Every structure is written in C-alpha cells, then in structure tokens.
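Asks: Provided below for reference: sequence and predicted model.
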Amino acid sequence: MVGLSWYEANTMIIVNPLNQDIVKLPPLEDFDEDFCGITFTSAPTSSDCVVLAFYTNIAKDYIYFYKWHPGEDDWTIIYDNESPFSAAAITNPVFFQGELYCLGESRELGVLNPIEETWRVLDKPKPVYLEDDVPFRGTQNCYMLELGGDLLSVFKYNYSDYNICIFKLDTVKMEWIPVKDLIGWILFLDPRSSFAKPSLHKSWSNKILFTSFQSGATKEFVSYNMEKKKYDTDFCDTKKPFDCVWLEPNMSKKCL
C-alpha cells in the first residue's frame, strides 16, 4: 500500500504491512492538494514495475504525469500540457490493458500511454444520464476498477436513497454498459484504491464493501447487497474507518 511519509515532506512510501517492508519514493515537489492519484503497472516487487502519478493545477486545465522505476533517484515527468479534463477527485486511476485510465467527474475517460508518453481525453464513452436526463457529476462518490479483464465504474448518488450504478466499459463500442449483478464477485471500494475479488463464500457474493459511507453527519463501513438492493451494516463499532486496506495474507507462510 502507498502512504505519506511521516518524516519527510512531499514524500510517499510503499509499505507491505505483512512483512513490514518499506520502499521510500523520491520526493515529488509538485505534490499538493491537486494530487489526483498513483498506481503501479505491476506488483511493486516486480523488476518491470513502474509507478505512475498525476496531478492537475487548481484551474483543472493543465495535467502532469510522472513515472518512477525502483532504483531511480528521481521522478521523471512524462507529460505536462493543457488538458480540458476534470478528474474525479476521490478515485484512483487504473492501469488497464497497458494504459493508465483516469475517470472524470462525468464518467469521461482520460488515457495515458506511458510508453508513447501521450495523453488523450476520449470522445467516447459519453456521459451516462440519470432518470431526469441530467448527466451525473460527482467528486465524492465514484470509483473505477478492473474486474475479470473488464473496466468498471461505480457511482453512488444520493437522489434515490443512495442508489448504486455499476457500468462496464465496452471496449469495442466504447460505451458504458449497465451491470445488474456481481455473481461470484465482491467489490472493495475505497477512494484511494478499489479491487474486485472472487468471493470465497456465497454469503459475500454479489456484494460491495464501502469503507467510507456518508450517512448524515457520520461515516460508516457498510456493504451493499446487489441482489436485495439494500445496505447492510455488517460490522459493529466501525464508525469513521478512515484508513481501510484490503489484505490477502499467504497463510502458508509466516508473515511476521
């Protein structure tokens, strides 16, 4: 997992909480409140891993991308230019089919090719409209992730009792296709990182875990049942779990 360094400004670290390994990333001088996200092209332990990070200026009309290889002393800027793209503030980019996909506030997609060092905002898919024919715009309630080779976007909007909308990207027609269920899968959705995993037990199949669900003045850790179309508070005393992560320990090895 990636976190801010507690002893050096503008510096992030990669941490394995199971064996306590820490990799310090070089300082990113432009790191500020307009930082949009960071991701890996492969596992951080892989020799071909590349770390990609991006941010926008305050006016959101200029975008910057950086890359870093393990062992390098500094970040390398690979793209900085004007771009009419308003990144969704609370979602992380996804490395998908060799490119970095970034979700915009209206479900538009921006794509970085780290090899060619090019950035493009796609004409398709078009924004998805709600019942009132108003395009959804949100910065707090949108997520993007990969599931079984597909790119998914998940939006939670507050117009109809916090309904959940899930869409799959049709990469041929380049349009968002509604997803009705997640049979055999469970989603872990967090603003910093989201995952889809095969469900190991039927009781957790077709569910979504939200780590920070806003309910009035409080935040809760809740699950959403896609079949029943309802929320469940399955966890006791989990108010305001600000720092949730998904861990998959290898139980055949000694972790600590």
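Replies: That came through, no problem.

Asks: what is whatever helix or strand residue 37 lives in packed up against?
Replies: Taking DSSP states H and E as the criterion, residue 37 maps to strand 35-40. Contacting strand 35-40 under the criterion 3 or more Cβ pairs under 8 Å, 6 or more residues apart in numbering; DSSP states H and E are the following elements: strand 51-56, strand 94-96, strand 99-103. In this view, the C-beta of every residue, glycine as well, is placed from N, C-alpha and C.

Asks: export the ones you listed to TSV and tack on mean pLDDT?
Replies: Shown next, in TSV, are these (pLDDT from 0 to 100):
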stretch	mean pLDDT
strand 51-56	83
strand 94-96	91
strand 99-103	90
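
Asks: let me have these in a markdown table, extended by mean neighbour count.
Replies: As requested, the helices and strands packed on strand 35-40 are exported to a markdown table (neighbours: other Cβ atoms under 10 Å):
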| stretch | mean neighbour count |
| --- | --- |
| strand 51-56 | 22 |
| strand 94-96 | 19 |
| strand 99-103 | 22 |
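
Asks: could I get the ones you listed as TSV with distance to residue 204?
Replies: Converted to TSV, these look like this (distance: least, Cβ to Cβ, whole Å):
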stretch	distance to residue 204
strand 51-56	31
strand 94-96	23
strand 99-103	26
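
Asks: which of the ones you listed sits closest to residue 172?
Replies: Nearest of the helices and strands packed on strand 35-40 to residue 172, taken as Cβ to Cβ: strand 94-96 at 14.9 Å.

Asks: distance check, residue 149 against residue 196.
Replies: Distance, residue 149 to residue 196, using Cβ to Cβ, to the nearest Å: 10 Å.

Asks: which of those two has more neighbours?
Replies: A direct count of neighbours by other Cβ atoms under 10 Å for residue 149 and residue 196 places residue 196 higher, at 19 against 8.

Asks: the more buried one: what secondary structure?
Replies: strand (DSSP: H, G, I helix; E, B strand; the rest coil).

Asks: spit out the contact partners of residue 91.
Replies: Neighbouring residues of residue 91 by Cβ atoms under 8 Å, 6 or more residues apart in numbering: 37, 103, 142, 143, 144, 191, 194.

Asks: list the buried residues of stretch 144-163.
Replies: 144, 145, 146, 147, 151, 152, 153, 154, 155, 156, 162 (16 or more other Cβ atoms under 10 Å).
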